[in-house]
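Visitor: Quick one, what's the 3D model for this:
(one chain, ligands or ions: 1)
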Amino acid sequence: MKQGSFITLEGIEGAGKTTCMAQLRLLMQQAGKNYVETREPGGTELGEDLRQLLLGHKHIGMADDTELLLMFASRAEHLQQKILPALNQGQWVLCDRFTDATYAYQGGGRGIACSRIQALEDWVQKGFKPDLTLLLDLPVEQGLERAGKRSAPDRFESEAMEFFRKVRQSYLDLAGKEPGRVKIIDASLDLEEVLAQITSVVNNFLQNKP
Ligand code: T5A
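Guide: Residues are numbered from 1 along each chain as shown. This is a model prediction of the structure:
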């Protein structure tokens, strides 16, 4: 049934996902693709409410399992209400973060066993995965400095440096396991060079998957 493609952007805080989404949008327009832009946690009315609970400071001591389950609750709603219907109508879906973020943050960062995340992924996604993932990789210090200049820290951004080092390493491990899907972009470079890498990877994907 699925006709469109699902592209995700991943990376630690301040990696440039929001900035790079604009480039993805441009590339879709140039290729004449119909697309929708979305994000996680969020993307639906319920998901955006869950995002506020997850990112806000009201529930600072939230249990790790609660955090994990809320991420997948948001994702289940997102898949059913937005992502799958769009793909089945032939639209492309561009998403700022998806399940790789759960493996990186709740798995790597919080230390929840991958097997438990995998069980939820199997339940909610039934084998569904992004077709292409752009992993914006850069040193943690550089990402947090960029994020800090942009806005006040959310609940995740208040974590210690070590947390983000584990998150970054988990992302790199995921890319190592699935090199065909997850493409590493050197996000430490000037924006122009980062956008050039994205253009090259996405155009290559477009050529091989019309
Ligand atoms: N989360 C999410 C989980 O724990 N588990 C999950 O399953 C999911 C889905 C979501 C939070 O939720 C967590 C992870 C996150 O902590 P978010 O808002 O989606 O939060 O993610 P953030 O990382 O917080 O988003 P940011 O907006 O902080 O980072 P971006 O979007 O990566 O960075 P961006 O584009 O805003 O850029 C930051 C600043 O850097 C500049 C930009 O102009 C901007 O000022 N910049 C550059 N400067 C120089 N050179 C470049 N190459 C630059 N690129 C960008």
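
Visitor: ok, and what's touching the least confident helix or strand in the chain by mean pLDDT?
Guide: Least confident element among the helices and strands of the chain, by mean pLDDT, DSSP states H and E: helix 140-150 (a mean of 90). Applying C-beta atoms under 8 Å, 6 or more residues apart in numbering, the contact partners of helix 140-150 are 11-16, 153, 157, 161, 164-165, 168, 187-188. Any C-beta I mention is one placed from the backbone N, CA and C, and that applies to glycine too.

Visitor: And for stretch 111-123?
Guide: 64-65, 68-69, 72, 99, 102-103, 106-107.

Visitor: Of those residues, which are in range of the ligand?
Guide: 102, 106 (C-beta under 6 Å from any ligand atom).

Visitor: Turn the contacts of stretch 111-123 into CSV, including pLDDT and distance to Ile117.
Guide: Below are those laid out as CSV (pLDDT from 0 to 100; distance: C-beta to C-beta, whole Å):
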residue, pLDDT, distance to Ile117
Asp64, 98, 11
Asp65, 98, 11
Leu68, 98, 7
Leu69, 98, 11
Phe72, 98, 9
Thr99, 98, 8
Thr102, 98, 6
Tyr103, 98, 6
Gln106, 98, 6
Gly107, 98, 5
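
Visitor: circling back to that earlier point, from the contacts of helix 140-150, list the buried ones, please.
Guide: 11-16, 157, 164-165, 168, 187 (16 or more other C-beta atoms under 10 Å).

Visitor: Just put those residues in JSON lines and tack on secondary structure.
Guide: Converted to JSON lines, those look like this (DSSP: H, G, I helix; E, B strand; the rest coil):
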{"residue": "Gly11", "secondary structure": "strand"}
{"residue": "Ile12", "secondary structure": "coil"}
{"residue": "Glu13", "secondary structure": "coil"}
{"residue": "Gly14", "secondary structure": "coil"}
{"residue": "Ala15", "secondary structure": "coil"}
{"residue": "Gly16", "secondary structure": "coil"}
{"residue": "Glu157", "secondary structure": "coil"}
{"residue": "Phe164", "secondary structure": "helix"}
{"residue": "Arg165", "secondary structure": "helix"}
{"residue": "Arg168", "secondary structure": "helix"}
{"residue": "Ala187", "secondary structure": "coil"}
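
Visitor: Reformat the residues you listed as TSV; add pLDDT and distance to Leu24.
Guide: Converted to TSV, these look like this (pLDDT from 0 to 100; distance: C-beta to C-beta, whole Å):
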residue	pLDDT	distance to Leu24
Gly11	98	14
Ile12	97	19
Glu13	94	19
Gly14	94	18
Ala15	97	14
Gly16	96	12
Glu157	83	23
Phe164	96	24
Arg165	97	27
Arg168	98	22
Ala187	98	14
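
Visitor: Adding distance to the ligand, write these out as JSON lines.
Guide: As requested, these are exported to JSON lines (distance: C-beta to the nearest ligand atom, whole Å):
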{"residue": "Gly11", "distance to the ligand": "6"}
{"residue": "Ile12", "distance to the ligand": "7"}
{"residue": "Glu13", "distance to the ligand": "4"}
{"residue": "Gly14", "distance to the ligand": "4"}
{"residue": "Ala15", "distance to the ligand": "4"}
{"residue": "Gly16", "distance to the ligand": "3"}
{"residue": "Glu157", "distance to the ligand": "6"}
{"residue": "Phe164", "distance to the ligand": "9"}
{"residue": "Arg165", "distance to the ligand": "14"}
{"residue": "Arg168", "distance to the ligand": "12"}
{"residue": "Ala187", "distance to the ligand": "6"}
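
Visitor: Lovely, talk soon.
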